[in-house]
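Student: Provided below are the primary sequence and the corresponding predicted coordinates.
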Amino acid sequence: MSMRTLRSHAGRLALLAVVVLLAATVYAVVVPGRAGAGSDDADWAGTWYAAPVGAEPGGDSARTVRNVVHTSLGGSRARVTVSNLFGNAPLDLRHTTLATVADPARTMRTLTFRGLARVSVPAGGEVVSDPLSFEVPALGDLYVSVYAAGPVTWHPGAQQTSFVAPGAVDRAADPGVFAQVTGAWRYVTALDVQGAGAAAGSVVVFGDSITEGVGSTPGADRRWTDVLAGRLRGPHAALSADSGSGLRAVLNAGIGGNALLARFAGPSGVERFERDALSRAGVRTVVVELGINDLLGGGRDAAALLAGMRELVRVGHARGVRVLGTTLSPCGGVRGCTGSVQRVRESVNSAIRGGGVYDGVVDMDRVLRDPYAPRSLWGPYDSGDRLHPSDAGYLAMGRGVDLGAL
């Protein structure tokens, strides 16, 4: 063999060694978008959702977040969405696990993304895990534990208790490892299921802090969306089944402080409708609960609010989705709820009740108002701030939805 041939052969071996080394040490970089979602997306339904709100200040150190999520629909396969929507740099997603809260030691499973446990999620992107055979309970609690470093996209008003710990402890079954509690969800924005019940799809409730559940008992799953999910699984579910909807999932897309037209907390409702409502897996119906913050924040134009509501309906119809809407809830006694605000609120509610705005009406104003002072919340339904319902108020809201309309 000539020296030239030997040098050529040695060069090829060196190149091969570099390739092998890179393959052993480099993890995947996933392009922005719903990477990982398969072509059979129609077979999936969301069972839980948390609308991303923003970037957590200073939350980029390596740690494990154990998110506690409450399901609405069960299934035999699961997939999880991890978001870096508000990140200004890549998210190093190092390891993610899924387990039931009831038995984490037995059920703990590692999630992969295009076959890899570790991926880099670019700024503004998200990743969807590979489908995992996993028995997801209906109306049950799961741990979605994320070990990551980098920017944190979060939902700070979870009304749920989750956990945080330093280091790579996402596979730990012992809850004692997590000494720090948190009222926020981090990284994880969606949990979807596949199975017999998924074919009926999901209902997305799209709203503000009243949908988010502010004023309810934290960690007790007493939001009005939880009540609705329970009704869709209970003895009254036949009412929904008779209308062709079956046992649907309920997804909570509420953001505290959010408004229909204004940008008070994240994008306006009109701006985020596609992302947080129409893009949810299996969505068939959306219930809109937005508008009161526009009025309390200074908006006084009933025509503009009604036009925004009709725009959501138009966009929803273009995607084959029914869009129901709630009347604006009472605000008497709240700072900023002046006489002029009340008059605009009543004008908007009158138009909603009269038809021509939404495909159907959920009259939360009538459900929640004081029968003797109809501009205000009824006392037993007031959490204490004159705006957000108590557990009893949220129970009444959930019971006030006509399941047949879904």
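Tutor: Okay, I see it.

Student: Okay, buried residues for stretch 285-302 please.
Tutor: By neighbour count on 16 or more other CB atoms under 10 Å, the buried set for stretch 285-302 is 285-296, 299, 302. All C-beta spots, glycine's among them, are computed from the backbone N, C-alpha and C.

Student: Need the pLDDT of the spatially closest residue to residue 223 that is not a sequence neighbour.
Tutor: Leaving aside its chain neighbours, residue 223 sits nearest to residue 213 (3.3 Å; criterion: CB to CB, 6 or more residues apart in numbering). At residue 213, the model reports a pLDDT of 98.

Student: who are the neighbours in contact with residue 213?
Tutor: Neighbouring residues of residue 213 by CB atoms under 8 Å, 6 or more residues apart in numbering: 159, 222, 223, 224, 225, 226, 252, 254, 394.

Student: Now do the strands in the stretch 51-200 of the chain.
Tutor: For the stretch 51-200 of the chain, the strands defined by DSSP state E, counting those that start in this stretch occupy 54-55, 63-70, 75-83, 91-100, 109-110, 119-121, 126-128, 132-136, 141-149, 153-155, 162-166, 180-182, 185-186, 188-194.

Student: Using a markdown table, lay out these together with distance to residue 267 and mean pLDDT.
Tutor: Converted to a markdown table, these look like this (distance: least, CB to CB, whole Å; pLDDT from 0 to 100):
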| stretch | distance to residue 267 | mean pLDDT |
| --- | --- | --- |
| strand 54-55 | 10 | 96 |
| strand 63-70 | 23 | 98 |
| strand 75-83 | 14 | 98 |
| strand 91-100 | 20 | 98 |
| strand 109-110 | 33 | 98 |
| strand 119-121 | 20 | 98 |
| strand 126-128 | 16 | 98 |
| strand 132-136 | 30 | 98 |
| strand 141-149 | 24 | 98 |
| strand 153-155 | 13 | 98 |
| strand 162-166 | 24 | 97 |
| strand 180-182 | 24 | 97 |
| strand 185-186 | 18 | 98 |
| strand 188-194 | 14 | 98 |
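
Student: Pipe those into JSON lines and attach distance to residue 341 and mean neighbour count per row.
Tutor: Formatted as JSON lines, those follow (distance: least, CB to CB, whole Å; neighbours: other CB atoms under 10 Å):
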{"stretch": "strand 54-55", "distance to residue 341": "27", "mean neighbour count": "16"}
{"stretch": "strand 63-70", "distance to residue 341": "34", "mean neighbour count": "23"}
{"stretch": "strand 75-83", "distance to residue 341": "35", "mean neighbour count": "23"}
{"stretch": "strand 91-100", "distance to residue 341": "41", "mean neighbour count": "22"}
{"stretch": "strand 109-110", "distance to residue 341": "50", "mean neighbour count": "14"}
{"stretch": "strand 119-121", "distance to residue 341": "42", "mean neighbour count": "24"}
{"stretch": "strand 126-128", "distance to residue 341": "37", "mean neighbour count": "26"}
{"stretch": "strand 132-136", "distance to residue 341": "43", "mean neighbour count": "16"}
{"stretch": "strand 141-149", "distance to residue 341": "39", "mean neighbour count": "23"}
{"stretch": "strand 153-155", "distance to residue 341": "28", "mean neighbour count": "26"}
{"stretch": "strand 162-166", "distance to residue 341": "36", "mean neighbour count": "18"}
{"stretch": "strand 180-182", "distance to residue 341": "35", "mean neighbour count": "14"}
{"stretch": "strand 185-186", "distance to residue 341": "32", "mean neighbour count": "26"}
{"stretch": "strand 188-194", "distance to residue 341": "33", "mean neighbour count": "27"}
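
Student: Out of the ones you listed, flag the one nearest residue 278.
Tutor: Minimum separation from residue 278 across the strands of the stretch 51-200 of the chain (CB to CB) falls at strand 188-194, 13.5 Å.

Student: what angle separates the closest one from strand 141-149?
Tutor: Here the directions of strand 188-194 and strand 141-149 differ by 130 degrees (axes from the mean of the first three to the mean of the last three CA atoms, to 10 degrees).

Student: What number of residues are in the vicinity of residue 336?
Tutor: 12 (other CB atoms under 10 Å).

Student: Would you quantify the distance from it to residue 206?
Tutor: Using CB to CB, to the nearest Å, residue 336 is found at 23 Å from residue 206.

Student: Tell me how far stretch 78-89 lies from the chain's centre.
Tutor: 12 Å (CA atoms, centre = their mean, to the nearest Å).

Student: ends of that stretch, how far apart?
Tutor: 28 Å (CA to CA, to the nearest Å).

Student: and what of stretch 136-154?
Tutor: End-to-end for stretch 136-154, by CA to CA: 23 Å.

Student: Ok, stretch 187-202 next?
Tutor: 22 Å.

Student: next one: that stretch to chain centre, how far?
Tutor: Worked out by CA atoms, centre = their mean, stretch 187-202 lies 12 Å from the chain centre.

Student: Mind checking which of the contacts of residue 213 land in strands?
Tutor: Judged by DSSP state E, strands contain the following of the contacts of residue 213: 252, 254.

Student: Secondary structure class of residue 204, three-state.
Tutor: Look at residue 204: counting by DSSP: H, G, I helix; E, B strand; the rest coil, its state is strand.

Student: where does it land on pLDDT?
Tutor: 98.

Student: Now that we have the strands of the stretch 51-200 of the chain, can you turn them into a markdown table and tack on distance to residue 330?
Tutor: Output for the strands of the stretch 51-200 of the chain, formatted as a markdown table (distance: least, CB to CB, whole Å):
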| stretch | distance to residue 330 |
| --- | --- |
| strand 54-55 | 29 |
| strand 63-70 | 28 |
| strand 75-83 | 35 |
| strand 91-100 | 39 |
| strand 109-110 | 46 |
| strand 119-121 | 42 |
| strand 126-128 | 37 |
| strand 132-136 | 37 |
| strand 141-149 | 33 |
| strand 153-155 | 26 |
| strand 162-166 | 32 |
| strand 180-182 | 32 |
| strand 185-186 | 29 |
| strand 188-194 | 31 |
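
Student: hang on, the earlier thing: in JSON lines: the buried residues of stretch 285-302, plus distance to residue 347.
Tutor: What follows is the buried residues of stretch 285-302, written out as JSON lines (distance: CB to CB, whole Å):
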{"residue": "285", "distance to residue 347": "26"}
{"residue": "286", "distance to residue 347": "23"}
{"residue": "287", "distance to residue 347": "21"}
{"residue": "288", "distance to residue 347": "18"}
{"residue": "289", "distance to residue 347": "18"}
{"residue": "290", "distance to residue 347": "16"}
{"residue": "291", "distance to residue 347": "11"}
{"residue": "292", "distance to residue 347": "13"}
{"residue": "293", "distance to residue 347": "17"}
{"residue": "294", "distance to residue 347": "13"}
{"residue": "295", "distance to residue 347": "11"}
{"residue": "296", "distance to residue 347": "16"}
{"residue": "299", "distance to residue 347": "13"}
{"residue": "302", "distance to residue 347": "5"}
